[in-house]
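Student: Give me the fold of what follows.
(one chain, ligands or ions: 1)
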Amino acid sequence: MIESRPEATGASPKAIRAHYDVGNDFYRLWLEETMTYSSAMWRDENDTGSLADAQRRKIDWHLRHSGADTATTVLDIGCGWGATLRAAAQARAPDAPPLLRGVGLTLSDAQAELGRLLATQARLPQIEIRIEGWADHRPAEPYGAIISVGAFEHFTKPADASPTKIAIYREFFARCRDILAPEARMTLQTIAYGDPDDEVPAGPLVEDIFPESELPRLPEILAAANGLFEIELYRNDRRDYGRTCELWAANLKARRLEAVELVGKDQTRRYERYLKFAAWGFWSHRLHLLRFRLKRR
Ligand SMILES: C[S@@+](CC[C@H](N)C(=O)[O-])C[C@H]1O[C@@H](n2cnc3c(N)ncnc32)[C@H](O)[C@@H]1O
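Tutor: Numbers count the residues shown, from 1 in each chain. Have a look, this model is predicted:
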């Protein structure tokens, strides 16, 4: 077993809440009906499908590639409002046994509260949403599949130098390996900095919106996973995230009056600027969106 290093947990619960506890009603205004807060997935650039359909495709990709659609126990690290876990229970592969236990980890009270309610309304008592960071999670039994989408971005801080980031990511992968059944898989989706020479000039804007969080670079992820997981595939779907951010921004624009009513003018403006900046980052190659399928070694 790896040693616990409490300082290696990236953004603090307080910093995470500063972002995600802005309010479920606010996020409901501009996310689509799945309440998924990460990049969607289109078939290709000619795919004219809706954001909601593309979010369902993304969830389905993670279920199939991690094996969560056949596993009887599934962990979602950074589960948001629980859409992926509900799909893991409801969208089983043909002839797969039912999902017996789906555990989601979030640091946001607001997400946990709504996620629990939605699981209850869907009559899915096997889903448990915990307010707990990955470093503190100690399950009694290993899981059959792990999914982590959009949480890795919070695991290190801006002050962490690259060797520290790699050590923290390695600790994360070692923990996942420890709590995953032999031969089982996990999928990971994360934003990453693009080419090392490309400048990302809006650091302070990102820090204002995502306090205490720093993005990884691909070589750091590869170094951290080396020997713990076999990287079976990875892809860079940055255009998917550029498109997702633009659609979120358009949704927020359409519901601007309600947004201002809920969270105020300044907060609404901060989100408008951040969505615009993020879309530019993905389109201009400065930000990448990486999706991995990893097999436990
Ligand atoms: C951008 S949201 C993504 C939510 C969801 N996976 C989705 O795709 O809609 C990031 C999630 O990561 C969670 N998170 C951040 N740091 C975490 C940590 N150290 N351990 C577990 N979850 C964490 C947040 O609470 C939030 O639920």
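
Student: interface residues of the chain facing the ligand?
Tutor: 9-11, 16, 20, 36-38, 77-80, 105-108, 111, 133-134, 149-151, 154 (Cβ under 6 Å from any ligand atom). Glycine gets a C-beta too; all of them are placed from N, C-alpha and C.

Student: Which of those residues fall within helices?
Tutor: Among the residues of the chain next to the ligand, the residues falling in helices (DSSP state H) are 16, 20, 111.

Student: can you pick the most crowded of the residues you listed?
Tutor: Gln111 (26 neighbours; other Cβ atoms under 10 Å).

Student: quick revisit: please, a ChimeraX command that selects the buried ones among the residues of the chain next to the ligand?
Tutor: To isolate the buried subset of these in ChimeraX, counting by 16 or more other Cβ atoms under 10 Å, use the following:
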select :9,10,11,16,20,36,37,38,77,78,79,80,105,106,107,108,111,133,134,149,150,151,154
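
Student: got the buried residues for the strand or helix carrying Ala278?
Tutor: Using DSSP states H and E, Ala278 maps to helix 265-283. For helix 265-283, the neighbour count (16+ other Cβ under 10 Å) marks 268, 270-271, 274-275, 277-279, 281-283 as buried.

Student: could those residues go into TSV alongside distance to Ile179 and pLDDT?
Tutor: Putting these into TSV (distance: Cβ to Cβ, whole Å; pLDDT from 0 to 100) gives the following:
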residue	distance to Ile179	pLDDT
Thr268	40	94
Arg270	36	91
Tyr271	34	92
Tyr274	33	90
Leu275	34	94
Phe277	36	90
Ala278	31	91
Ala279	35	94
Gly281	33	90
Phe282	32	93
Trp283	37	94
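
Student: follow-up on the earlier one: got the CA positions of the helix holding Ala278 in PDB?
Tutor: Output of helix 265-283 as PDB, limited to C-alpha atoms (Å, rounded to 0.1, in the frame of the first residue of the first chain):
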ATOM      1  CA  LYS A 265     -23.700  40.400 -12.300                       C
ATOM      2  CA  ASP A 266     -20.000  40.000 -11.300                       C
ATOM      3  CA  GLN A 267     -20.200  36.200 -10.900                       C
ATOM      4  CA  THR A 268     -22.100  35.900 -14.200                       C
ATOM      5  CA  ARG A 269     -19.400  38.000 -15.900                       C
ATOM      6  CA  ARG A 270     -16.600  35.900 -14.500                       C
ATOM      7  CA  TYR A 271     -18.200  32.700 -15.900                       C
ATOM      8  CA  GLU A 272     -18.800  34.400 -19.300                       C
ATOM      9  CA  ARG A 273     -15.200  35.400 -19.500                       C
ATOM     10  CA  TYR A 274     -13.900  32.000 -18.400                       C
ATOM     11  CA  LEU A 275     -16.100  30.100 -20.900                       C
ATOM     12  CA  LYS A 276     -14.900  32.400 -23.700                       C
ATOM     13  CA  PHE A 277     -11.200  32.100 -22.700                       C
ATOM     14  CA  ALA A 278     -11.500  28.300 -22.300                       C
ATOM     15  CA  ALA A 279     -13.100  27.900 -25.800                       C
ATOM     16  CA  TRP A 280     -10.200  30.000 -27.300                       C
ATOM     17  CA  GLY A 281      -7.700  27.900 -25.400                       C
ATOM     18  CA  PHE A 282      -9.000  24.700 -27.000                       C
ATOM     19  CA  TRP A 283      -9.400  26.100 -30.500                       C
END
